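Visitor: Provided below for reference: sequence and predicted model.
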Amino acid sequence: MSRFLLPLLSLLIVFAANAQWVQDSAAIMGTNIEVQLWAEQEEQGRKGIEAVFAEMQRINQLMSPYIATSELSRVNANAAQRPVSVSQELFALIALSVDISEKTAGAFDITFASIGFLYDYRAKQKPSDTQIAEQLPAINYHHLLLDPEQQSIQFAHNNVKIDLGGIAKGHAVDKAIERLQKMGFKHALVTAGGDTRLLGDRRGRPWMVGIRDPRNPDKQAVVMPLEDSALSTSGDYERFFEEGGERYHHILSPKTGKSTHEVQSVSIMGPSSTLNDALSTSVFVLGVKDGIDLINRTPGYEAIILDSQRKLHYSSGLGME
Ligand code: ADP
Ligand code: MG
């Protein structure tokens, strides 16, 4: 062996020995963020994870309805009086939300918040029927007047409020994966609550992503082998309280201002975590038949629904029925 090759070889061995899976989690955007990635050096892996957390913090500061200084809060406070100019990122996500409202016959509607803000699931608070009747006319995505030139948004009705809780986490996961790709990572998982996206595979094996049993936090209802893909689950167990035998949870029908009960959980698989997130919320509202129909006419996306009788339903591309 040449005298140059040997040191080079040992260097390669040290390099390979340092490559490893690095993982961490954090509480951001009101949910649990989890990151796993394959890194040549631990320190480089830590940097990737820090970049993901920083991205989530940034998006939270922009879009949280609970932060008074967020752009979203500024819109809610002022858009009934005048057009409010916002960042390109927020404008684009609101415009996409309106587009999804149109494609889902209004099942997905960020103006659900006009009533949604009256629920406090931790405090077991819900609006009265009178309050719902008063506020219901404010739920309608047609009240959102978007001006792409000014990048501004205005409300055409006084009582409108918007909330991106059904799409922002998926968006954050897409942004985080983009950052990791730019940093050169090839194998990674990023999860924000029910929204997961995978970069590459788990080095020779697929990632195994679980769909939780909605009535048993320790059990998986289904486990999916996935690579270079994404999966979002919406469930009636994330935020809810029970009263008088009724479950009041965080996914509301824009038609009634109340939570829907036809299904317990909806998982959507497809390339964009943003769309998976919005579509899982949409299908939850639409129910089994209309929900499956919607996904069957959306190329590249598949659905698994667990209905209230705990029966599983699949979109046609999964070849299960
Ligand atoms: P999570 O991951 O928080 O469970 P989901 O994707 O299941 O999120 O979406 C639920 C969230 O979507 C709610 O907490 C609320 O912020 C928002 N939301 C509820 N109903 C609707 C609706 N009809 N259209 C759009 N967003 C909604
Ligand atoms: Mg969603």
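Guide: Received it, and whenever you're ready, just let me know what you need. Ligands and ions are numbered 1, 2, ... in the order given.

Visitor: so where's this protein uncertain?
Guide: Along the chain, segments meeting pLDDT under 70 span 1-17, 321.

Visitor: top helix in it by residue count?
Guide: helix 42-63 (DSSP state H).

Visitor: in space, what's closest to whatever residue of the stretch 1-150 of the chain ends up closest to ligand 2 - neighbours in sequence excluded?
Guide: Among the residues of the stretch 1-150 of the chain, residue 108 lies closest to ligand 2, at 8.4 Å counting by CB to the ion. Placement of C-beta: from N, CA and C, glycine included. Using CB to CB, 6 or more residues apart in numbering and skipping the chain neighbours, the partner closest in space to residue 108 is residue 282 (4.1 Å).

Visitor: follow-up on the earlier one: buried set for the longest helix of the chain?
Guide: 44-45, 48-49, 51-53, 55-56, 59-60, 62-63 (16 or more other CB atoms under 10 Å).

Visitor: which of the residues in the helix or strand that it is followed by are buried?
Guide: Using DSSP states H and E, the helix or strand that directly follows helix 42-63 along the chain is helix 71-78. By neighbour count on 16+ other CB under 10 Å, the buried set for helix 71-78 is 71-73, 75-76.

Visitor: what's the answer for stretch 149-158, then?
Guide: Judged by neighbour count (16+ other CB under 10 Å), stretch 149-158 contains these buried residues: 151-155.

Visitor: alpha carbons of that stretch, as PDB, please.
Guide: Provided in PDB are the C-alpha atoms of stretch 149-158 (Å, rounded to 0.1, in the frame of the first residue of the first chain):
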ATOM      1  CA  GLU A 149     -50.300  43.600  -5.800                       C
ATOM      2  CA  GLN A 150     -50.400  45.200  -2.300                       C
ATOM      3  CA  GLN A 151     -49.900  41.800  -0.700                       C
ATOM      4  CA  SER A 152     -52.700  42.900   1.600                       C
ATOM      5  CA  ILE A 153     -55.800  41.300   3.100                       C
ATOM      6  CA  GLN A 154     -59.100  42.900   4.100                       C
ATOM      7  CA  PHE A 155     -62.200  41.400   5.800                       C
ATOM      8  CA  ALA A 156     -65.500  42.100   4.000                       C
ATOM      9  CA  HIS A 157     -67.400  41.400   7.300                       C
ATOM     10  CA  ASN A 158     -66.900  43.000  10.800                       C
END
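
Visitor: who touches that stretch?
Guide: Identification of contacts with stretch 149-158 by CB atoms under 8 Å, 6 or more residues apart in numbering yields 75, 79-80, 82-88, 91, 94, 137-138, 140, 142-147.
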